[in-house]
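Chemist: Quick one, structure for this:
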Amino acid sequence: MEKHERIGNEIIANVGRLTNVGSVARCYTRLRIRIKDDAKVELDKLNEIEGVVKAFASEGKVQIVMPGYLDKVFEYINAEFIGGSRVSEAGSAVRSVEVVDKNRKPFTLKRLLNGVLDAISNSLTPVIGGLAMAGLFLALLNLLTVSHIVAQGSQTYRLLYLMGNSLFYFLPFLVAYGASRYFKTNTILSLMLAGIMMQPDFVKMVSAGSAIHLFGIPVAAVDYSTSLIPILVTVWVQSLLEKVVDRPWMNKFGLLKMFPVFLIMAPLTLLVTGPIGQGVASVIANGSLWIYDQAPVVGITLLSLLIGFFIITGSHWVFFPVAIANLKQLGYDPFLWVAFAVWNFAELGMALAILVKGKKRSVKTFSATAAFSIAASGITEPAVYGLMLKMKKPIIPSTIASGVGGLFFSLCQVKVFSLVTVSILSLPQFINPAGGNNFVLAVVGLLLTTAVSFVLNWFWGIDESMFDEDEIEAAAEV
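Modeler: All right, here's what the predicted structure looks like:
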């Protein structure tokens with residue numbers, strides 16, 4: 001048995017077997033499992049599995065941070081457990097069927113918010129890799145523009161821009177795909193609904209600025225390009241309608257089984273769900289911009305202090321629609337993405353401090369790996385779960401350093417011009433295509449954040465007691 005297969009088997013066994021699993025998803029570094037009964041989850045055993053940096057559960061969700069084996073383990077679980085059937089050790093067939101939870105939990109506002117967060121995060125998960133590549137591509141284009149290698153407005157610039165912007169422009173299609181997997185809808189139908197929003201003739205009607213009507217009913221003239229929430233709301237409503245038509249007697253219609261859903265959802269997309277989703281997105285984006293306009297220093301500093309909490313709990317995904325909306329509306333994000341930036345470099349400073357001050361070889365090795373992960377790709381989970389939360393002492397100094405960085409960024413009004421995970425390699429995302437010193441201020445702010453975190457963590461001290469002793473260490477002292 002391959003190592004990733006053994007890990008996958010152990011994970012399923014310790015979350016209460018398949019009957020306790022609702023769905024499995026992933027992001028860069030985490031396996032996200034929706035469960036039905038928290039009491040059946042063996043967190044201690046999950047944390048002992050090879051390759052697991054940290055596992056935690058709350059409100060029907062288990063998140064397992066395991067960057068090393070995530071790809072193969074996720075594929076294995078989907079193929080062997082979720083996608084088909086396998087024989088258990090007892091010899092009985094285990095199938096990936098949906099188990100109805102008869103003991104439904106009462107509706108609460110917290111459950112509603114968790115559901116919205118789950119929908120956003122799981123719908124975006126398949127898109128995240130593309131977002132990172134597209135964002136970095138546009139950041140490099142900014143670098144070519146300000147260095148006068150490529151003239152802004154030239155055909156070369158326009159072609160390169162459309163290459164990088166294609167993902168953002170057609171984001172409704174990609175979100176429709178992810179949402180269809182999360183809500184378990186007909187994927188082709190979800191993509192067709194996204195196509196209605198993005199159909200060139202409809203886009204022309206919106207651009208023309210004249211009134212649009214369907215059977216005399218006003219249609220909101222909305223540009224859905226780069227939008228996220230409208231298609232998310234649309235696919236959710238689609239899932240409700242599909243449950244209505246999902247009856248055995250409907251199977252006799254074969255390929256036309258979903259036609260009633262399309263017949264209803266096609267006009268509903270333009271008349272109701274799309275405009276409602278766009279309205280929600282506008283309220284959220286305008287709300288964040290209002291905070292930025294009224295009290296940018298307080299808002300950005302506070303978010304920079306709290307962003308670690310959102311990342312640790314996996315709830316930071318809720319900020320993505322806001323950042324994307326700001327990028328569409330303003331051409332940059334002045335508020336949310338900078339918090340991600342300073343947090344990443346606060347964790348980098350912490351990892352470097354532990355690397356230099358640590359005595360145990362295991363500590364030095366892990367902190368070096370964590371620092372490289374942040375510097376090269378902006379992935380902070382190894383540092384967060386493997387160092388900060390495990391040692392606990394770095395929590396306060398790292399949070400303070402993130403707040404200091406946020407304060408600097410807010411005072412200097414630093415902006416982000418493309419959305420890509422912030423690392424040393426992706427710093428061109430701070431280059432303003434129109435010129436100016438935004439990039440220099442960003443670099444200074446990130447260096448300041450790293451330095452403050454390094455110094456605070458150095459003097460705050462580190463606790464290596466939870467790391468195993470090194471045999472080589474003892475031999476070296478002889």
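Chemist: Please settle this for me: is V414 part of a helix?
Modeler: No. Counting by DSSP: H, G, I helix; E, B strand; the rest coil, V414 falls outside a helix, being coil.
Chemist: List the contacts of V416.
Modeler: Y332, D333, P334, W337, V338, A341, Q429, F430 (CB atoms under 8 Å, 6 or more residues apart in numbering). From N, CA and C alone the C-beta is placed, and that goes for glycine too.
Chemist: What distance do you get for the second one to I312?
Modeler: So that's D333. Counting by CB to CB, to the nearest Å, the separation of D333 from I312 is 22 Å.
Chemist: go on, the third one?
Modeler: P334 sits 25 Å away from I312, taking CB to CB as the criterion.
Chemist: Let me know whether G178 touches L124 as I believe.
Modeler: Yes. With contacts counted by CB atoms under 8 Å, G178 reaches L124, the gap being 6.2 Å.
Chemist: helices and strands around the helix or strand harbouring F262, which ones?
Modeler: F262 is part of helix 259-268 when elements are defined by DSSP states H and E. Identification of packing neighbours for helix 259-268 by 3 or more CB pairs under 8 Å, 6 or more residues apart in numbering; DSSP states H and E yields helix 187-198, helix 229-245.
Chemist: any idea how far the next helix-or-strand element following the shortest one is from the chain center?
Modeler: Scanning forward in sequence from helix 187-198 by DSSP H and E, the next helix or strand is helix 200-208. From the chain centre to the centre of helix 200-208 is a distance of 31 Å (CA atoms, centre = their mean, to the nearest Å).
Chemist: and helix 200-208, which residues are buried?
Modeler: Using 16 or more other CB atoms under 10 Å as the test for burial, helix 200-208 gives F202, V206.
Chemist: Read off the pLDDT value for A176.
Modeler: We have a pLDDT of 93 for A176.
Chemist: how near is it to W236?
Modeler: Taken as CB to CB, the span from A176 to W236 is 11 Å.
Chemist: next one: I35
Modeler: Counting by CB to CB, the gap from I35 to W236 is 21 Å.
Chemist: remind me which residues of this structure are low pLDDT?
Modeler: Within the chain, the segments meeting pLDDT under 70 span 1, 28, 59, 80-114, 117, 249-255, 313-318, 466-478.
Chemist: Looking at it, which helix is longest?
Modeler: Taking DSSP state H as the criterion, the chain has its longest helix at helix 438-460.
Chemist: Give me the contacts around it.
Modeler: By CB under 8 Å, 6+ apart, the list of residues contacting helix 438-460 reads 341-342, 345-350, 352-354, 356-357, 393-394, 396-398, 400-402, 404-405, 408-409, 412, 414-415, 417, 422, 427-428, 430-432.
Chemist: Buried ones only from those residues, please, as a ChimeraX command.
Modeler: If you want just the buried ones from those in ChimeraX, going by 16+ other CB under 10 Å, the selection is:
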select :341,342,345,346,347,348,349,350,352,353,354,357,394,397,398,400,401,402,404,405,408,409,414,415,417,422,427,428,430,431,432
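Chemist: Just the contacts of helix 438-460: which are in strands?
Modeler: Using DSSP state E, no member of the contacts of helix 438-460 falls within strands.
Chemist: List the ones among the contacts of helix 438-460 that fall in helices.
Modeler: 341-342, 345-350, 352-354, 356-357, 396-398, 400-402, 404-405, 408-409, 412.
Chemist: Compute the number of surrounding residues for F310.
Modeler: F310 is flanked by 17 other residues according to other CB atoms under 10 Å.
Chemist: Next, the buried residues of the helix or strand where it lies.
Modeler: For F310, the host element (DSSP H and E) is helix 296-313. Judged by neighbour count (16+ other CB under 10 Å), helix 296-313 contains these buried residues: 296, 299-308, 310-312.
Chemist: who touches that helix?
Modeler: Residues contacting helix 296-313 (CB under 8 Å, 6+ apart): 58, 291-292, 316, 318-319, 334-336, 338-340, 342-343, 346, 380, 384, 389, 395, 398-399, 402-403, 405-407, 409-411, 413.
Chemist: Many thanks, we can stop here.
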